[in-house]
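> Next come a sequence and a model predicted from it.
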Amino acid sequence: MNALIKRCWIALALLAATATFAQEGESDEGQFLSFTLENDAPNGTDRYYSSGIEVTWSKWQRLLPALPFELSFPAPPPPAIRDLPNFHAGQSYSLRSIAVGQQIYTPADLSNPDYLPSDRPYAGWSYLQLSLARAWGHQRQSVAIEVGTFGPNSQADEAQRSFHKLIGSAVPQGWEHQVKNHVSADLILTRDDRLLSQRILGDYRLNLSSSQKLRLGSANSKLELGFATDFAKGTPGSDRRSIRYFSRGSISLVGRDRSLSNPYRESSTGVAKASLVPRLEAGFEYQLPKAKLSFSIVRLGKQFASQEGDHSFASISYSLW
């Protein structure tokens, strides 16, 4: 495995091992660890965005108000902060996170060892992301830097081949034509706004929010506009059991997607990207006293011009604090 990737995983493991999670009762800060796995196997396919894995360590802190009016917001914080343990509505929060992950992309035909000019090329993206967010009242803003590598250095080919051998599935044959090694970095700016939070049907609450995400860099460049709804029972962020049903939708204006094309002009590997990519997601989240489990199905529109139909995959995430 590439030395840089090894160091990233070791650093995150040390952070997780030394973390002191939030104690019972009210707290001004806390930490949590999240594991996310995405795969298109539940859809009966193994193509396009084939799988992804991410491990995230985060630390949140309640901030003293800089101005008195920060205490007067009636709406609860948006989901990413609202779901933290022991949150207090109307307060300001900061959230610092470190994440490492890997994404694997493949063509539709894994048995063909030849280069397929009209299909998505094999590609892997292994990355480290550092982010800082702040939430107050009905708004959340974040800035993140994501640095990683495409190509054989991402170790995506070894990861997929090893997993297929482990489960007794056919080993993909065309990784020799993957997108070449290329170190990339992206700046990611995100803003979420709570538009509505209304209690309905007894203990259930309906929340509506909007989001804007701008990603600029040599790996990806796109503007994403989205919305989200969730229907929740219980008090999010508390130590009591609760369940939340959610749906999200977005449309992305794509300027660059390096997983679809090789950065080197002398190589013909790659396909033409789609300029507009819709995304729909629906799922549920179940919160335990010190953990949270979520599951969703994601449907992506065409990501490249010659793609045959949309693509779906499942996402499962587990967090503990």
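Nice, thanks for sending it over. None of these values were measured; they are calculated from a predicted model.
> in the sheet, who's paired with Ile53?
Counting by DSSP bridges, Ile53 is bridged to Leu37, Gln102.
> That one contacts Gly124, correct?
No: look at Ile53 against Gly124 with C-beta atoms under 8 Å: they stay out of range, at 11.6 Å. No exception for glycine: its C-beta is placed from N, CA and C like everyone else's.
> and for those two, which residues touch both?
Gln102 (C-beta atoms under 8 Å, 6 or more residues apart in numbering).
> Same drill for those two, tell me which one is more crowded.
Gly124 (27 against 16; other C-beta atoms under 10 Å).
> name the element the more buried one belongs to?
Assigned by DSSP states H and E, Gly124 belongs to strand 123-136.
> Can you give me the buried ones in that strand?
Buried residues in strand 123-136, counted by 16 or more other C-beta atoms under 10 Å: 123-129, 131, 133, 135-136.
> tell me the mean pLDDT for it?
The pLDDT scores in strand 123-136 average 93.
> List the pairing partners of that strand within its sheet, with orientation.
strand 92-106 (antiparallel), strand 139-150 (antiparallel).
> Can you show me the helices along the chain?
Using DSSP state H, the helices assigned to the chain run over residues 3-18, 79-82, 156-167.
> mind listing the strands in this structure by residue range?
Here the chain has its strands, by DSSP state E, at 29-39, 48-63, 92-106, 123-136, 139-150, 182-200, 204-217, 220-233, 242-257, 276-288, 291-300, 311-320.
> Take the ones you listed and write them to TSV, including distance to Gly270.
Shown next, in TSV, are the strands of the chain (distance: least, C-beta to C-beta, whole Å):
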stretch	distance to Gly270
strand 29-39	23
strand 48-63	14
strand 92-106	12
strand 123-136	9
strand 139-150	12
strand 182-200	12
strand 204-217	18
strand 220-233	14
strand 242-257	10
strand 276-288	17
strand 291-300	19
strand 311-320	18
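> The spatially closest residue to Glu54 that is not a sequence neighbour: neighbour count?
Distances taken as C-beta to C-beta, 6 or more residues apart in numbering put Gly101 closest to Glu54, at 3.4 Å, once the chain neighbours are dropped. For Gly101, the count of nearby residues is 19 (other C-beta under 10 Å).
> which ones are touching Arg167?
Just to correct that, residue 167 is Ile rather than Arg. Going by C-beta under 8 Å, 6+ apart, the list of residues near Ile167 is empty.
> Repeat that for the one 4 residues further on.
For Val171, the set of contacting residues under the criterion of C-beta under 8 Å, 6+ apart consists of 161, 164-165.
> which among the residues you listed gets closest to Val183?
Closest approach between the contacts of Val171 and Val183, by C-beta to C-beta: Arg161, at 22.9 Å.
> Can you give me the pLDDT of the residue nearest to that closest one when sequence neighbours are not counted?
With C-beta to C-beta, 6+ apart as the criterion, Arg161 has its nearest non-adjacent residue at 5.4 Å, and that residue is Val171. Predicted confidence (pLDDT) for Val171: 89.
> Give me the phi and psi for Val171.
phi -80, psi 130 (degrees, to the nearest 10).
> Tell me the spacing between it and Thr190.
38 Å (C-beta to C-beta, to the nearest Å).
> what's the answer for Leu276, then?
For Leu276, the distance to Thr190 - C-beta to C-beta - is 20 Å.
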